[in-house]
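Visitor: Got a predicted model here, sequence first, then my questions.
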Amino acid sequence: DSGVTQTPKHLITATGQRVTLRCSPRSGDLSVYWYQQSLDQGLQFLIQYYNGEERAKGNILERFSAQQFPDLHSELNLSSLELGDSALYFCASSVGGSAANYGYTFGSGTRLTVV
Amino acid sequence: LAKTTQPISMDSYEGQEVNITCSHNNIATNDYITWYQQFPSQGPRFIIQGYKTKVTNEVASLFIPADRKSSTLSLPRVSLSDTAVYYCLVVPSDTGRRALTFGSGTRLQVQP
């Protein structure tokens, strides 16, 4: 157990629908990062939050949004889902605003299947 | 951000030492070099991080030359359970607003 909790572990939904993925960072970590990994693809950075505020943005689609709450858990909202959104979505956390010094700690991911 | 280049795949046998090299020619002064391991359908796991020279932990060693334009992850005496994808990541130490994306990684296959 890495200490980063992601729910749900699996999600199957239809095209056009909206889903919410949840992440609780490791205790003491202030940053949360979201990554998308499609089949046989690398990890694509989506977005980072640090202590409740957006810190960095990657290749996140406009149909996707995220936020970090006062208790530091984060939610990734995916709307108007398309077949191509099927992927593993990972959440990672780090102590500070950068992953230097202590690295990222990843959760076990949410596998999203859009049918 | 420094772009990284790694071999796409490597093959080895149990008991051998494996060295995976990563190029990061435009690494910045404040950047760290970090390596992660990922098994199928699992999140990446932090292996080791360094800034310069050599770093060693219970799992691996990381060699970084003086110019820091490359780094080599060394796995001593690999076993079948070391079969995984290994990612090299250059991480800025500052809190600037920059995206952090993993490269394609190196797929290591260990055979008996």
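Guide: Thanks, I have it. Residues are numbered from 1 along each chain as shown, chains lettered A, B, ... in the order given.

Visitor: is the residue nearest the centre of chain A in a bridge, and if so with what?
Guide: Nearest residue to the geometric centre of chain A (Cα atoms, centre = their mean): residue A:34, 3.0 Å. Counting by DSSP bridges, residue A:34 forms beta bridges with residue A:47, residue A:91.

Visitor: So it sits against residue A:76, correct?
Guide: Yes: when contacts are counted by Cβ atoms under 8 Å, residue A:34 is listed as touching residue A:76 (5.1 Å). For glycine as for every other residue, the C-beta is placed from the backbone atoms N, C-alpha and C.

Visitor: which neighbours do the two share?
Guide: Applying Cβ atoms under 8 Å, 6 or more residues apart in numbering or on different chains, one finds that residue A:34 and residue A:76 are jointly contacted by A:23, A:46-47, A:66, A:89, A:91.

Visitor: Excluding sequence neighbours, find me the nearest residue to residue B:70.
Guide: Nearest non-adjacent residue to residue B:70, counting by Cβ to Cβ, 6 or more residues apart in numbering or on different chains: residue B:23, 5.0 Å away.

Visitor: how about low-confidence regions in chain A?
Guide: For chain A, applying pLDDT under 70 flags the ranges A:40, A:97-102.

Visitor: how many other residues sit next to the residue found closest to residue A:17 once you drop the neighbours it is linked to in the chain?
Guide: Distances taken as Cβ to Cβ, 6+ apart place residue A:81 nearest to residue A:17, at 5.3 Å, with adjacent residues excluded. Using other Cβ atoms under 10 Å in any protein chain shown, residue A:81 is surrounded by 20 other residues.

Visitor: how about the residue in chain B positioned nearest to chain A, phi and psi?
Guide: Relative to chain A, the nearest point of chain B is residue B:43 (3.0 Å; Cβ to the nearest Cβ). Torsion angles at residue B:43 (phi, psi; degrees, to the nearest 10) stand at phi -70, psi 150.

Visitor: what's near enough to touch residue B:61?
Guide: B:48, B:54-55, B:73-74, B:76.

Visitor: which among the residues you listed end up buried?
Guide: Neighbour counting with 16 or more other Cβ atoms under 10 Å in any protein chain shown marks B:48, B:55, B:73-74 as buried within the contacts of residue B:61.

Visitor: Give the full set of residues in contact with residue 8.
Guide: No chain in the question, so chain A it is. A:21, A:110.

Visitor: Actually, chain B is the one I wanted.
Guide: B:104, B:106-107.
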